[in-house]
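Undergrad: just to be clear, the model below is a prediction. Sequence and coordinates:
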Amino acid sequence: MKVVLQNLTKKFPNRNKGVRSDVIAVNNFDMEIPDGKLVSLLGPSGCGKSTALNLLSGLLKPSSGKIFFGEDDVTDLPAENRGVGLVFQNYALYPHLTVRQNIMFPLENLKGAAKLTKAQMQEKALEAAKLVQIHELMDRKPNELSGGQQQRVAITRALVKMPRLLLLDEPLSNLDARLRLQTREELRRIQNETGITTIFVTHDQEEAMSISDMIIVMKEGVIQQTGRPQDVYDSPVNLFVAKFLGTPPINVFAGEVKDGSLYIGQDKVCTVKGAANKPVWVGIRPEGFELDENGTLSCSLVGVEVMGRDITVISNNAASESGAIRAIISAENRVDTSAPVVRFNVKSNKIFLFDKETEARLDCEIG
Amino acid sequence: MDKNNWKAWLYLLPAVLFLGVFMVYPLVDVFVYSFEEGYNSASQTFFGVGGYNYSYILHDPYFLQAVKNTFILVIITVPVSTGLALLISVALNSIKPLRNLYQTVYFLPYVTNTLAVGLVFMILFKKTAYSDGLINLLINWFGGESVDFIDGPYWAKMFVLCFYTVWVVMPFKILILTGALASVNQDYYNAAKVDGTSRGRIFTRITLPMISPTIFYLVITGFIGAFKAYSDAVALFGTDLNAAGMNTIVGYVYDMLYGNSDGYPSYASAAAIVLFAIVLTITCINLLISKKHVHY
Amino acid sequence: MHQTEFERIERSARIRKRVLRVVIYTLLTIWGLIVLFPFYWMILTSVKSYGSYNSEYIPAFITLSPTLENYAHAFTAVPLARYFTNTLIFTVVTTAIMLVVTVLAAFAFARLNFKGKNLVFTLFLALMMIPNELVVITNYVTITDLDLRNTFAGLILPSVTSVFYIYLLKENFSQIPDNLYYAAKVDGTSDFKYLMKVMVPICKPTIITVAILKIIECWNSYVWPRLVTDDELYFLVSNGIQSIRENGFGRENIPAMMAAVVVISVPLIILFLIFRKKIMAGVARGGMKG
C-alpha cells in the first residue's frame, strides 16, 4: 500500500509562556511513499520525525493537510481503525503479559467478520514469532528477555495483525552497537519477506543509509530531500543534508568562485563552470581527497590515523569551517608524517558548492 | 571506630528513649494488662492472671455492637471509597483543562479537622424541631419522607457514618491513584490504541493490571484505617457513642479507659488486642489474595 | 473499506469522544460539589444571625444580611482563643522536638557506623507496624502515674517520635554522596557540624515535608488530647469543638458553632494552599492520616 501525504502540517502551542507563536513540528509535508518499500525518516532529534510518525499512526491529529493510505483518505480516522503496526523506541511491551499474550493482544481486538478463534490466534502468533525467530520465548515475561529479544517481540506484535503499514520509532536506539547491526539486517530481511510498506524513524544516518530503499531527510519540520540513499549522498541538495549524511562528516570550507575557478584560501582548487563570482561554502567528502605532491589544496599536516584498510590524514586549513580536515585515503599511500604540509587533489564528484546565504547547492559543473 | 560507637548512640538516644517509653514498653505492657484480672488503677493491684478480660468484653453487648458497627463500616466504605476513587482518578487522568483545580479541591478534606467538619455534616443531616435539615429537604424534593440521620434509625445513622468516612478518606486515595495512573507509560496506551483496543479493554487489560499494586496497597491501608474508625463517629454522634449505638472498636477501647474511676485498662487492653488480631488477620488475607492477583 | 464507512467511523468516534467528555466533567464536578459543599455551608451558616438561622424551616442557600456577630460570640462565649493558643503551642513544640529527634536518629542510621546498626534499624522498622491504639492504653496509665495529665508535657511527649519520618529522612540522607562526608572530615569538620551545615540544608525539602505533615497531624489530633486533658485550660481545638458541641453555646446556637469551625479550619487550609505541591507530594510518599 502506498502512502500519500498532502500539505501535512502539525503545530503545537508553544510551551514557553509569553511566546505566542506555535511550534511547527511538521511543516507542509507533500510526498508519496511507494508500496512495499522500506523508507527512513532521518533527521537530528527534535526535527519532527516522531511527530510525523504519530500523524501516520493516528495518535496525533494533523493541524492541516491530508493523509491517504492507498486511495483512502484516513486523515480523521482514529488510530484504532487505521490498521497500522507501530514499534516503540522503548518497545512498550505489556510487562504483566507473557510474550505470547503480548503478541496475541492485537488479534484479540479484532471484531465482527475478522474475529478469530483462540486456536487461530495461537497459530497466527506462532507463525509471526517464527518469522522473527522468537518462538522459543513465548511463555516468558518481557522482563526476562534481553533488549534485543524484547525488540523482536515488539516487532512481532506489530506484524502479527498483518498491518497495511509498519511504523518503527527509533527501534534500534536502545540496543548496543553489535546488536543494532544484527537487528537492522533482521529488519531488512523481515521487510523483504512480508513486503509490508515500512517507515522507519531514526537519527542515525548510517542506519538509514544501510537498510532503506528510500530516505527522507528532515530538518526543523521541513523535508530537505528524498531519494535513494546513495543518490542523496552523492547529490545533496543543501549544506545541511551534505553535513548530515556520511561518517566522518563532510569537510566544509569557506571558498570563493572567481572567473571560473574555485579558490580555498590562496589555493586554486579546481575549475567551475556555470557559477557566478561570489563567496561560497565548499563541501568535500573525506573520501574525495587524493594525495599528490603537486596537489591543488595545501593543508598543514597534523597527523595520521591508520585504520587498516585505509588511513585518515588529519590536517588544518585556515579556511576550514568544520575544524580539522579528515581525508580518507587508501592504506597503500605512504604519508611523511614529519612534513609540515600535505597537498591534495580533489575528486570532482566529491566536491559540492553551496550558496553562502541560503546554503542551497549551487548547480554548476566542477572539473 | 570505637569513638564513633558511643557517639552514634548519643544521636540515637532521644529516639530510643521516647520509643522505648512510649512504644516498646506499652506494647509489652498491653499484653500484661490484658491478662491481669480485676486490675485496679487506684491501688495498682490485681487478683490473678487469666483470660477473664477477654471473656468479659466478648460478652459485653456494647463491645459486640462496636464490632458489628466496625465490620459494617469497613465492608461498606473500603470497596465504595476505593471504587469511587478509581473512577474519579481515571476521569481526572483523562482531562487536561481544570485538572489542577479539581485535584486541589479534592484534596481539601485531607487538611481539615475531622471533628470540625463532622459537625457540618451533622447539621446537614440532622432533623431538629426547627428544621428537617438540608438533606431531608432534598429527600422531600424527590418525594421521600424525612429521616433523622443523627438520632434516628440505625441504618440512617450508619449511612451518614459511611458517607462521612468515605468523604474523609477519598483525598488520600485519589491522590495515590492519580499518581499511579500518571506514572503508567503513555506508550502502553498508544500501543494498545494503534492495535485497535477499545477503551473498556484498555482499562481492564492494561490500566488495572498496571496499577494493581497501588490498588492493593489502598485496599490494605483502607482496611486498616477503617477498622480504626473513631473520630468520624464522635464528630457525628457525640462522645457517648454507646448510647447512640454507633460505637466502634477503638471507641470502645477509649471509653473503657476514660470511664469511671480511672477506667478499666485491662478491658481496654483486651479489646485493643482483639482489634489488633482482627486487623492482622485481615491484612494477612489481603496480602495472600494480592500475591495471586497483583501482576508484578 | 470504503470512504463512506470511514466517515461513519470518524463520526461515531467524534460523537463518542464528546459524550465521554461531558460525562467525565459532570462526574468530576459532582464530586467537587460534594467536597466543597460542607465548606460552603459552614461559612454560610457562620454568617447567618442566630435569629434568622433558627427561623428558617427550609434552610436558605444564600444570606442577604451576613453578620460577623457569631465570630465575636464564638470567641467570647467559649475560650476559643485559648484552644487556639493551646493547639498552636502543642503543634509548634511537638513538631520542633520531633524534627530534632528524627533528624538525629536518621543521621545516626544514615551516616554513622556502630555495632548492631542493622539490627536496631530493623527493630525500628518493625515498630512501624504497631498501631497506635495498642500502645495508647499504657501511655495513658504512664502519663497519669507521672501526674502529667492536663499538662503540655503530657500532651506532647508521647507524640514526638515517628518511626516513619525517621525512615523517610534516613532514606533521603543516604542519597547524599559519601565523598562529601569524607571531604568534610578531611577539612576537620565534626559530625554534628556536617549534619547541620551539609545534610540538613541538602535535605531541606524532605524536612519541610515531614514538618508540614506533622503539623497537620497535630492540628487535627483528637484522641490523645481527649484522654489526657479534662481541664478546659488545656483543650486543643478538636476537643474544644467537641465540648462546644456537647455543652458549649447552649446546644442550639449552630451559627456560632459554625463560626468556631471556620476559625479552626482556616489555618490549615491556608497552609495547604501555600504549600499545595509540597503537601500533596509528601502525603503521596506515604502519609496516612492519623
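TA: Yes, it's here.
Undergrad: pretty sure residue A:52 sits in a strand.
TA: No - Residue A:52 sits outside any strand when classified using DSSP: H, G, I helix; E, B strand; the rest coil, being helix.
Undergrad: show me what contacts it?
TA: With contact set as Cβ atoms under 8 Å, 6 or more residues apart in numbering or on different chains, residue A:52 has these partners: A:8, A:10, A:25-26, A:29, A:41, A:201, A:218. Yep, even glycine has a C-beta here, placed from its N, CA and C like the rest.
Undergrad: next step: those restricted to helices.
TA: Among the contacts of residue A:52, DSSP state H puts none in helices.
Undergrad: closest to residue C:223 out of these?
TA: Taking Cβ to Cβ as the measure, residue C:223 sits nearest to residue A:25 out of the contacts of residue A:52, at 57.2 Å.
Undergrad: tell me the pLDDT of the closest one.
TA: At residue A:25 the predicted local confidence, pLDDT, stands at 89.
Undergrad: so residue A:268 makes contact with residue A:297?
TA: No - between residue A:268 and residue A:297 no contact is recorded; they are 9.3 Å apart, counting by Cβ atoms under 8 Å.
Undergrad: which of those two has more neighbours?
TA: Here residue A:268 and residue A:297 are set side by side on neighbour count (other Cβ atoms under 10 Å in any protein chain shown), and the busier one is residue A:297, at 25 against 13.
Undergrad: check contacts around that one.
TA: Contacts for residue A:297 (Cβ under 8 Å, 6+ apart) come out as A:264, A:267, A:269, A:289, A:317, A:343-346.
Undergrad: buried ones in the host helix or strand of residue C:255?
TA: Here residue C:255, judged by DSSP states H and E, is contained in helix C:254-274. The neighbour-count check on helix C:254-274 (16 or more other Cβ atoms under 10 Å in any protein chain shown) flags C:254-265, C:267-268, C:271-272 as buried.
Undergrad: kindly report the same for stretch C:77-87.
TA: So for stretch C:77-87, counting by 16+ other Cβ under 10 Å, buried means C:77-80, C:83-84, C:86-87.
Undergrad: ok, the residues you listed vs residue B:228, which is closest?
TA: Comparing these against residue B:228 with Cβ to Cβ places residue C:87 closest, at 22.4 Å.
Undergrad: quick one: the closest one and residue C:236 touch, right?
TA: Yes - checked against Cβ under 8 Å, the pair residue C:87 and residue C:236 is within contact range at 4.5 Å.
Undergrad: low-confidence stretches in the chain?
TA: This is for chain A. Counting by pLDDT under 70, chain A contains low-confidence residues at A:16-19.
Undergrad: you looked at the wrong chain, it should be chain C
TA: Within chain C, the stretches with pLDDT under 70 are C:1-2, C:248-252, C:286-290.
Undergrad: mean confidence for stretch B:35-55?
TA: For stretch B:35-55, mean pLDDT rounds to 75.
Undergrad: the contacts of residue A:52 into TSV, with extra columns for distance to residue A:309?
TA: As requested, these are arranged in TSV below (distance: Cβ to Cβ, whole Å):
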residue	distance to residue A:309
A:8	43
A:10	44
A:25	41
A:26	41
A:29	40
A:41	31
A:201	32
A:218	32
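Undergrad: so is stretch A:135-147 next to chain B?
TA: No - Stretch A:135-147 does not reach chain B (Cβ under 8 Å from any Cβ of the partner chain); its nearest approach is 8.7 Å.
Undergrad: please apply the same query to stretch C:213-231.
TA: Yes - applying Cβ under 8 Å from any Cβ, one finds that stretch C:213-231 is in contact with chain B at C:216, C:219-220, C:222-223, C:226-227.
Undergrad: same for chain A: which of the buried residues of helix C:254-274 are within range?
TA: When Cβ under 8 Å from any Cβ is taken as the criterion, no member of the buried residues of helix C:254-274 contacts chain A.
Undergrad: coming back round to it: just send the residues of stretch C:213-231 next to chain B back as a markdown table, with secondary structure, neighbour count and distance to residue B:280 too.
TA: Below are the residues of stretch C:213-231 next to chain B laid out as a markdown table (DSSP: H, G, I helix; E, B strand; the rest coil; neighbours: other Cβ atoms under 10 Å in any protein chain shown; distance: Cβ to Cβ, whole Å):
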| residue | secondary structure | neighbour count | distance to residue B:280 |
| --- | --- | --- | --- |
| C:216 | helix | 23 | 28 |
| C:219 | helix | 22 | 30 |
| C:220 | helix | 24 | 26 |
| C:222 | coil | 21 | 25 |
| C:223 | helix | 20 | 21 |
| C:226 | helix | 21 | 26 |
| C:227 | helix | 21 | 24 |
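Undergrad: ok, so of the residues you listed, who is nearest residue B:136?
TA: Set against residue B:136, the nearest of these by Cβ to Cβ is residue C:222 (28.1 Å).
Undergrad: name the nearest residue to that closest one, sequence neighbours excluded.
TA: The shortest distance from residue C:222 to any residue that is not its chain neighbour, by Cβ to Cβ, 6 or more residues apart in numbering or on different chains, is 3.8 Å, and that residue is residue C:238.
Undergrad: and for the one you found, the neighbour number?
TA: Applying other Cβ under 10 Å, we find 26 residues neighbouring residue C:238.
Undergrad: that one touches residue C:217, doesn't it?
TA: No - in terms of Cβ under 8 Å, residue C:238 does not count as a neighbour of residue C:217; the distance is 11.7 Å.
Undergrad: around chain C, pick out the residues from chain A.
TA: Chain A has residues A:72-74, A:76-78, A:80-81 near chain C, with proximity defined as Cβ under 8 Å from any Cβ.
Undergrad: which parts of the stretch 1-150 of chain A are helices?
TA: Counting by DSSP state H, counting those that start in this stretch, the stretch 1-150 of chain A has these helices, from start to end: A:49-57, A:99-108, A:118-132, A:147-159.
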